[in-house]
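Participant: this is a predicted model, with the sequence first.
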Amino acid sequence: MANIEWSDGAPIYRQLKERVIAMMLDGVLKPGDALPSVRQVAADYQLNPITVSRAYQELADEALVEKRRGLGMFVTEEAAKKLRTSERERFLQEEWPLVLERIERLGLSARDLLQSTGHGANE
């Protein structure tokens, strides 16, 4: 899970859960992949195993991972699709209105935005 810096802004279990979700969305963790064990994550990041278990349990509650008795937690087949759908919805409901407000406040046009990203420069 690379280096993780914990912020004071949210509970660590939630930050860990969001990190695992990001790894799923980025394709680092694919359907069928095993998550590192609770003990391994707790040891690697000096966390209480209960904190790691709570993050994993929330992922399981959302059917993003499944527990296989004696084997650990594994990414479900439908995890990526579920995440993409829910993350898109969250972006459109929570983040996009703030971005749009800032764009309007700055008086930026669609052309300005496309040119700044290298898209549409020759259109």
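Facilitator: Okay, I see it.
Participant: rest of the way, CA atoms for contacts and neighbours
Facilitator: Will do.
Participant: what spatial separation is found between Arg111 and Thr117?
Facilitator: Distance of Arg111 to Thr117, computed by C-alpha to C-alpha, to the nearest Å: 10 Å.
Participant: specify which residue of the two has the higher count of neighbours.
Facilitator: Counted by other C-alpha atoms under 10 Å, Arg111 and Thr117 do not tie: Arg111 has more neighbours, with 12 against 9.
Participant: secondary structure class for the more buried one?
Facilitator: Under DSSP: H, G, I helix; E, B strand; the rest coil, the three-state class of Arg111 is helix.
Participant: per-residue pLDDT, it?
Facilitator: As predicted, Arg111 sits at a pLDDT of 88.
Participant: repeat that for the one 3 residues further on.
Facilitator: Among the per-residue scores, Leu114 shows a pLDDT of 87.
Participant: again with the one 3 residues further on
Facilitator: We have a pLDDT of 76 for Thr117.
Participant: so who does it touch?
Facilitator: The contact partners of Thr117, taken as C-alpha atoms under 8 Å, 6 or more residues apart in numbering, number zero.
Participant: quick check on it: phi, psi?
Facilitator: With angles defined as degrees, to the nearest 10, Thr117 sits at phi -100, psi 0.
Participant: equivalent analysis for Leu64, please.
Facilitator: Backbone torsions for Leu64, taken as degrees, to the nearest 10, come to phi -90, psi -30.
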